[in-house]
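Undergrad: sequence isn't available, so here's the structure alone:
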């Protein structure tokens, strides 16, 4: 006849399952690989250290070793440090295969107009919508709406003089661009006009615009994807 389980094997007993104990006994590199396979944004070394019950130094060393191993083996993916954390990415050599699989003939990239607008925000942030429009010489409401919806830009307070909403790039922007921080942006800012050079009438007096509003005829129609 089967014997009943011992008290210390029951939930809440001395022998109850402890996830912390289970994690502590795992090999570090495979554990890191398992965690990084399910992250939806770059994972910080401090967070990984807490989850895997290791020191930040151990985590940092293991991550760099993994990245080097993948590079030597020329795997189809690579491990990168971007936006303050680590995440798996497709190796550029195999990007065409992934693009064909994911897009299946559909166009999902940002248009030229969206890229130009994003560049102005990146180099002039925090910047108001009217100043972005002044730099580009075209109404950017539709493009800014697209960038907001995609999470590439976000509101960053208001302009003291006019009350206009200011915009900045996000961590998602850094992640998508493969940058650790804004200081890694290419030196292109000198080619953009200074804020003081933009005509005073381009400053807006309204606090914001409706990001869910439909595009108008005056909007930059090249934002359609």
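TA: In hand now; what should we look at? These figures come from a predicted structure and were not determined experimentally.

Undergrad: for the spatially most central residue of the chain, phi and psi?
TA: Centroid check for the chain by CA atoms, centre = their mean gives residue 172 as the closest residue, at 1.9 Å. Dihedral angles of residue 172 (phi, psi; degrees, to the nearest 10) stand at phi -60, psi -40.

Undergrad: now do the biggest helix by length in the chain: everything it contacts.
TA: Longest helix of the chain, by residue count under DSSP state H: helix 56-73. Residues from elsewhere that reach helix 56-73 (CB atoms under 8 Å, 6 or more residues apart in numbering): 28-29, 32-33, 45-46, 48-49, 52, 77-81, 86. For the C-beta atoms, the positions are set from N, CA and C on the backbone; glycine is no exception.

Undergrad: got the buried residues for it?
TA: Buried residues in helix 56-73, counted by 16 or more other CB atoms under 10 Å: 59-60, 62-63, 66, 70.

Undergrad: kindly report the same for stretch 144-151.
TA: Neighbour-count burial for stretch 144-151 [16+ other CB under 10 Å]: 144-148, 150.

Undergrad: nearest to residue 181, of these?
TA: Nearest to residue 181 out of the buried residues of stretch 144-151 is residue 147 (CB to CB; 19.4 Å).

Undergrad: so that closest one sits against residue 118, correct?
TA: Yes: Residue 147 is within contact range of residue 118, at 5.9 Å (criterion: CB atoms under 8 Å).

Undergrad: quickly list what's touching both of the two.
TA: Counting by CB under 8 Å, 6+ apart, the residues touching both residue 147 and residue 118 are residue 153.

Undergrad: now the helices for the chain?
TA: 19-24, 28-36, 45-52, 56-73, 95-103, 112-124, 129-136, 141-149, 171-177.

Undergrad: any idea how far residue 135 is from the closest residue to residue 117 other than its chain neighbours?
TA: Among residues not flanking residue 117 along the chain, residue 143 sits closest, at 4.4 Å (CB to CB, 6 or more residues apart in numbering). Here residue 143 is placed at a distance of 12 Å from residue 135 (CB to CB, to the nearest Å).

Undergrad: between the two, tell me which one has more neighbours.
TA: More crowded of residue 143 and residue 135, by other CB atoms under 10 Å: residue 143, with 29 against 23.
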